[in-house]
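1. Test case, fold it:
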Amino acid sequence: MTNKVIFVVGPTASGKTDLSVKLSKEIGGEIVSADSMQIYKGIHIASAAPDIEEMSGIPHHLMEFLDLNEQFSVADYVKIAREKIKEIIGRGNIPIVVGGTGLYISALIENTEFVSVRTDETLRKKLEEEFDTLGGEEMLNRLAKFDPQSAERLNVGDKRRIVRCFEIFETTGKSKTNQNELSHRNPPEFESLVLGITYKDREKLYDRINRRVDIMLQKGLLEEAKTTYKNRNNNGAFQAIGHKELYGYFEGEHSLEEAAELLKQQTRRYAKRQLTWFRKNESIIWLYPDGDDDIFKIAKTLAEEFLN
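-> Next comes the predicted model:
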């Protein structure tokens, strides 16, 4: 039995699902999602989770199993992803971890053991009240003064994670970024091949993002967002890119066309942040659909060499 795992990573709309499904068919793979939004139920369209047709008969794991109000940390993800990978290997198949959430992927590859920080409910309540009073943008500005990396990474509406950064700092005197650096990295549990997909011409990626948003709207994104809008709070999944940009339309602040353009803009920015994160990982072998002759053929060859 081999402890080899293949990763397919990259920005949103780059073609990860298509490549990973084709690769799975060739090498006997099962797909493990590494997407922090696809873990939630109720945002299937917004999270760009693959449908039955796109899955093409390949088993997909860690998708749409949490309610939107459930909290879920990187440590939680690593724990259950490790278990799922071992199950797949135990069946004699190849785990293919697919996604764009860099922190999930890095923690899994590096076998990170996270430093725990106690929860102070009184402090958390005070910080949540500050967030409600000051707003996400001001809280991010304040966060940037002692943890610029987290401030850059987090979304203005992600109340839970922003509050947690302040909670960690006020409890330990260290930033969330410092805490992550202190987290213990054990020897890797799995041997990894990491394939990345993006476009040499960034505008081609952005065009794909724009088209994806149009398709999402055709598939019923507006109706899906209405459901979360009615039940929303300020925590993570309710503020997912794909829904929150439409809330202003529901409130009459702007037209549907303006909301769609805002969604495209925010998704492009998110893709840029994803690329910035992945570019730090020198082990990624990058594949370019607009530059390489046949990225599937290249990926298949690399996978077969890795597994033999």
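2. going forward, measure contacts and count neighbours with C-alpha atoms only.
-> OK.
3. mind giving me the domain ranges of the protein?
-> Listed by automatic domain parsing, the domain ranges of the chain are 4-114+184-307, 121-182.
4. May I see those arranged in TSV, with mean pLDDT and mean neighbour count as well?
-> Output for the domains of the chain, formatted as TSV (pLDDT from 0 to 100; neighbours: other Cα atoms under 10 Å):
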stretch	mean pLDDT	mean neighbour count
domain 4-114+184-307	93	18
domain 121-182	90	17
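5. From the chain's centroid, how far away is whichever helix in the chain runs longest?
-> When the chain is scanned for its longest helix (criterion: DSSP state H), the result is helix 256-279. Its chain's average C-alpha position is 13 Å from that of helix 256-279, according to Cα atoms, centre = their mean, to the nearest Å.
6. For the chain, which segments count as helices?
-> Applying DSSP H to the chain gives helices spanning 16-27, 52-55, 74-90, 102-110, 121-134, 136-146, 148-153, 159-172, 176-182, 202-219, 221-231, 244-250, 256-279, 295-307.
7. for the ones you listed, which one sits closest to Gly42?
-> Nearest to Gly42, of all the helices of the chain, is helix 221-231, at 7.3 Å by Cα to Cα.
8. just checking, what packs against the closest one?
-> helix 244-250 (3 or more Cα pairs under 8 Å, 6 or more residues apart in numbering; DSSP states H and E).
9. make it 7 Å
-> Applying 3 or more Cα pairs under 7 Å, 6 or more residues apart in numbering; DSSP states H and E, we find helix 221-231 packed against no helix or strand.
10. Next, the angle from that helix to helix 256-279.
-> 90 degrees (axes from the mean of the first three to the mean of the last three Cα atoms, to 10 degrees).
11. what about dumping the CA coordinates of helix 221-231 to PDB?
-> What follows is helix 221-231, C-alpha atoms only, in PDB (Å, rounded to 0.1, in the frame of the first residue of the first chain):
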ATOM      1  CA  LEU A 221     -27.800  31.700  -8.300                       C
ATOM      2  CA  LEU A 222     -30.300  34.400  -7.500                       C
ATOM      3  CA  GLU A 223     -32.800  32.000  -6.000                       C
ATOM      4  CA  GLU A 224     -30.100  30.200  -4.000                       C
ATOM      5  CA  ALA A 225     -28.800  33.600  -2.600                       C
ATOM      6  CA  LYS A 226     -32.400  34.600  -1.600                       C
ATOM      7  CA  THR A 227     -32.500  31.600   0.700                       C
ATOM      8  CA  THR A 228     -29.200  32.500   2.500                       C
ATOM      9  CA  TYR A 229     -30.300  36.200   2.500                       C
ATOM     10  CA  LYS A 230     -33.400  35.400   4.500                       C
ATOM     11  CA  ASN A 231     -31.500  33.300   7.000                       C
END
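12. circling back: send me the longest helix of the chain as CSV with only the CA atoms.
-> Extracted in CSV, the C-alpha atoms of helix 256-279 (Å, rounded to 0.1, in the frame of the first residue of the first chain):
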residue,chain,number,x,y,z
LEU,A,256,-29.0,43.0,-10.9
GLU,A,257,-26.5,44.0,-13.6
GLU,A,258,-24.5,46.0,-11.1
ALA,A,259,-24.6,43.1,-8.6
ALA,A,260,-23.4,40.7,-11.3
GLU,A,261,-20.5,43.0,-12.2
LEU,A,262,-19.6,43.3,-8.5
LEU,A,263,-19.6,39.5,-8.2
LYS,A,264,-17.3,39.2,-11.2
GLN,A,265,-15.0,41.8,-9.7
GLN,A,266,-14.8,40.2,-6.3
THR,A,267,-14.2,36.8,-7.8
ARG,A,268,-11.4,38.1,-9.9
ARG,A,269,-9.8,39.6,-6.8
TYR,A,270,-10.2,36.3,-5.0
ALA,A,271,-8.5,34.5,-7.8
LYS,A,272,-5.6,36.9,-7.6
ARG,A,273,-5.2,36.2,-3.9
GLN,A,274,-5.3,32.5,-4.5
LEU,A,275,-2.5,32.8,-7.1
THR,A,276,-0.4,34.9,-4.7
TRP,A,277,-0.8,32.1,-2.1
PHE,A,278,0.1,29.3,-4.4
ARG,A,279,3.0,31.0,-6.0
